[in-house]
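Engineer: Below: sequence and its predicted model.
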Amino acid sequence: MSDERPPVLIATDVDGTLLDEDEKVSPRTRAAVQAAVAAGATFVLATGRPPRWVEPVVEGLGLAPMAVCANGAVIYDPATDRIVSARTLSVEMLGELAEIVARVIPGAGLAVERVGASAHDAATPQFVSSPGYEHAWLNPDNTEVSVADLLSAPAVKLLIRKAGARSADMAAELIKHVALQGDITYSTNNGLIEVVPPGVSKATGVDELAAPLGLTAADIVTFGDMPNDIPMLSWAGRGVAMGNAHPEAVAAADEITHTNAEDGVARVLERWWS
């Protein structure tokens, strides 16, 4: 994709990318996104967040774009609060992964993300964790259950958490032992790794939304900052890494913009729309 030809679809990561250091959409970024959408571009969120954590982003943007959630495993429509599609790790896969984790990352806690019909489906406990699980974020909303119960139903994502560890080290160790049980990535280096169904990534999620529109990777610009963004950064016609991005995300991108605190996403979009 050349700078002269504007993208038809924009897909951006949320934390560390679209949001600033206060986890807000800045006025400049909001204006840039709204200008692109007003001009006819399709705007998509592509995040590791579960659907229930998308609402604050929608409020900050002032629009409700389609969202690729759980690192590609879930397609969510916030305008109608509807789960459009979900790909899951089977009970068998979860059991195999749990056994491997117990051997190679002793002391790690487990959690799973599940989805119902909507982001706020009260009938489905959506974030279920093993006893004593230490949340990596500041907004814990987990339901503690036994490990057997945790592994008893399919899940869109398995989370493996070990406080004080580095996510990169955990992922490197787990990859040695995992064949096709799931795709391993991380969005923070704070001792948390995430496993989604095999073949699932933010790139496959964005493509799921782009293909019915007749769009290919060449029509798309993507923004990201962490290893879970690498598939879509390398797949898109133009992949843009943030100035604060992980070195592996930088290596996968076509260019580097300013940091999320400096409106890096907006600065790129303003080339075409302002």
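Structural biologist: On my side now, so go ahead. Remember, predicted model here, so these are calculated numbers, not experimental data. Numbers count the residues shown, from 1 in each chain.
Engineer: Distance check, the closest residue to residue 204 other than its chain neighbours against residue 205.
Structural biologist: Distance criterion CB to CB, 6 or more residues apart in numbering; nearest residue to residue 204, sequence neighbours excluded, is residue 72 at 5.2 Å. C-betas here are computed from N, CA, C, even on glycine. Residue 72 sits 4 Å away from residue 205, going by CB to CB, to the nearest Å.
Engineer: tell me, what's touching these two both at once?
Structural biologist: Common contacts of residue 72 and residue 205, defined by CB atoms under 8 Å, 6 or more residues apart in numbering, comprise residue 46.
Engineer: So for residue 261, what's the nearest residue that isn't a sequence neighbour?
Structural biologist: Using CB to CB, 6+ apart, the closest residue to residue 261 is residue 21 (4.9 Å).
Engineer: so that neighbour touches residue 260, yeah?
Structural biologist: Yes. The criterion here is CB atoms under 8 Å, and residue 21 meets it with residue 260 at 7.1 Å.
Engineer: Compare neighbour counts for the two and give me the winner.
Structural biologist: Of the pair residue 21 and residue 260, residue 260 is the one with more neighbours under other CB atoms under 10 Å, namely 26 against 11.
Engineer: list the contacts for the more buried one?
Structural biologist: Residue 260 neighbours (CB under 8 Å, 6+ apart): 16-21, 225, 242-244.
Engineer: Could you identify the helix or strand that succeeds the helix ranked longest in the chain?
Structural biologist: For the chain, the longest helix by residue count, based on DSSP state H, is helix 91-104. Under the assignment DSSP states H and E, the closest C-terminal helix or strand after helix 91-104 is strand 109-113.
Engineer: starting at the chain centroid, how far to that following strand?
Structural biologist: Centroid separation for strand 109-113 versus its chain: 16 Å, with CA atoms, centre = their mean, to the nearest Å.
Engineer: One more: stretch 226-238?
Structural biologist: 11 Å.
Engineer: quick one: buried residues of that stretch?
Structural biologist: 226-238 (16 or more other CB atoms under 10 Å).
Engineer: among those residues, which are in helices?
Structural biologist: Mapping the buried residues of stretch 226-238 onto helices (DSSP H) picks out 230-235.
Engineer: Kindly reformat these as CSV and extend each row with pLDDT.
Structural biologist: Formatted as CSV, these follow (pLDDT from 0 to 100):
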residue, pLDDT
230, 96
231, 96
232, 97
233, 98
234, 97
235, 98
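Engineer: out of those, who's nearest residue 145?
Structural biologist: Taking CB to CB as the measure, residue 145 lies nearest residue 231 of these, at 31.1 Å.
Engineer: Now do that closest one against residue 250, distance only.
Structural biologist: Between residue 231 and residue 250 the computed distance is 15 Å (CB to CB).
Engineer: again, but for residue 173
Structural biologist: 24 Å.
Engineer: need the strands for the stretch 101-250 of the chain, in chain order.
Structural biologist: Using DSSP state E, counting those that start in this stretch, the strands of the stretch 101-250 of the chain run over 109-113, 127-129, 143-144, 157-161, 183-185, 192-196, 220-224, 238-241.
Engineer: Understood, closing this out.
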